[in-house]
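Peer 1: What follows is a predicted protein model with its sequence.
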Protein chains: 2
Amino acid sequence: MPPSPPAPTLDEARALTMRLYRVADRARADFTAVVADLGLTSLQARVLLQLGEPTPMRALAEHLGCDASNVTGIAHRLTAAGLVERVEGRDRRVKLLRLTAEGVRLRAQVAESVAAGATVTAKLDAAERARLTQLLDKVLA
Amino acid sequence: MPPSPPAPTLDEARALTMRLYRVADRARADFTAVVADLGLTSLQARVLLQLGEPTPMRALAEHLGCDASNVTGIAHRLTAAGLVERVEGRDRRVKLLRLTAEGVRLRAQVAESVAAGATVTAKLDAAERARLTQLLDKVLA
DNA sequence: TATTGTTATACTCTATAACTATA
DNA sequence: TATAGTTATAGAGTATAACAATA
């Protein structure tokens, strides 16, 4: 008997992938619901979480995986909501987004609420959560 | 020493949740890219995968987690693409969406491509994938 | 009366292309 | 020339509200 192959079969990949998508889907739904209670869309919440430091709009677009032109509109809405402000960079072509005091406050609340409101991990005991963390780290490596 | 608590601390929940969101985010990006090559948006691909059987539009809305009014537009676009057709239910208020022959073909291709193109699980060996599958099942239970 | 699906409306997210200011 | 951001435009996804047909 040959050793078990290192690569997954297509069926195995499909089964695992579909589970992962279902979990991802639920995680997304949780996230959307939690941040909606704070008056934010998913994207706006993601931007807030990303803005631990003032960030060039270009870099933000790359992190979000969207075209740079979209960041203008996102920045407009967050600015109108009083959560971020534009700051000119040393390279004067660059504009950075920086959280306002209110933005900093809301960002902390987002992080808190998201962790508290995530139902996806509630069904696991401590050992299982530790093992899942380990596996996810490997996936993300 | 007391036994380890069954509930996660907020820090622990936050750490695991953030990992899960990062994995979910990557899974979503993989999915979007793969189905875009097949000419589909994420939502359209999700609908195709859901249509193993003819499904009332209302049920589809619930599965997608969106308002029922949206399904009309989604159905329009999939119908225009020749992938689904509307069928009247026995209750004549109900309309079901059913895949066309082309829809059935494309649905199979979506399932295949998604499994083949998922990079999230490529870094795990067989035992790790099995363990991850088990944990995800528990999360989804 | 209640439910299914549709339409109208408005907002957000998304990409492409053309533009400006700066490097 | 190349890069950062903006604007205009168009299409897709989302919710709310009002509506018609059916139960």
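Peer 2: Cool, the structure landed.
Peer 1: Three-state assignment for A:Leu97, please.
Peer 2: Under DSSP: H, G, I helix; E, B strand; the rest coil, A:Leu97 falls in the strand class.
Peer 1: burial count for it?
Peer 2: A:Leu97: 25 surrounding residues under other C-beta atoms under 10 Å in any protein chain shown. Yep, even glycine has a C-beta here, placed from its N, CA and C like the rest.
Peer 1: near DNA strand C, which residues of chain A?
Peer 2: A:41-44, A:64-67, A:69-70, A:73-74, A:77, A:91-93 (C-beta under 7 Å from any atom of the strand).
Peer 1: same thing but 10 Å
Peer 2: By C-beta under 10 Å from any atom of the strand, the part of chain A that sits against DNA strand C consists of A:35, A:40-47, A:61, A:64-78, A:80-81, A:88-94.
Peer 1: Which of the residues you listed are buried? Put it as a PyMOL command.
Peer 2: If you want just the buried ones from these in PyMOL, going by 16 or more other C-beta atoms under 10 Å in any protein chain shown, the selection is:
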select buried, chain A and resi 35+40+44+45+46+47+61+64+71+74+75+78
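Peer 1: Out of the residues of chain A next to DNA strand C, which sit inside strands?
Peer 2: Among the residues of chain A next to DNA strand C, DSSP state E puts A:Glu88 in strands.
Peer 1: Report the entries of the residues of chain A next to DNA strand C that also contact DNA strand D.
Peer 2: A:41-42, A:61, A:67-76, A:88-89, A:91-94.
Peer 1: B:Leu136 versus A:Arg129, what's the distance?
Peer 2: A:Arg129 sits 13 Å away from B:Leu136, going by C-beta to C-beta, to the nearest Å.
Peer 1: now swap in A:Ala111 and tell me
Peer 2: Relative to B:Leu136, A:Ala111 is positioned 24 Å away (criterion: C-beta to C-beta).
Peer 1: Then A:Ala45?
Peer 2: 24 Å.
Peer 1: pull the longest helix from chain A.
Peer 2: helix A:10-37 (DSSP state H).
Peer 1: Run through the residues that contact A:Ile47.
Peer 2: Not Ile; residue A:47 is Val. A:60, A:64, A:74, A:78, A:84, A:97 (C-beta atoms under 8 Å, 6 or more residues apart in numbering or on different chains).
Peer 1: Could you report the distance from the spatially most central residue of chain A to A:Met57?
Peer 2: Closest residue to the average C-alpha location of chain A: A:Arg46 at 4.9 Å, with C-alpha atoms, centre = their mean. Remark: distance between A:Arg46 and A:Met57 (C-beta to C-beta) = 14 Å.
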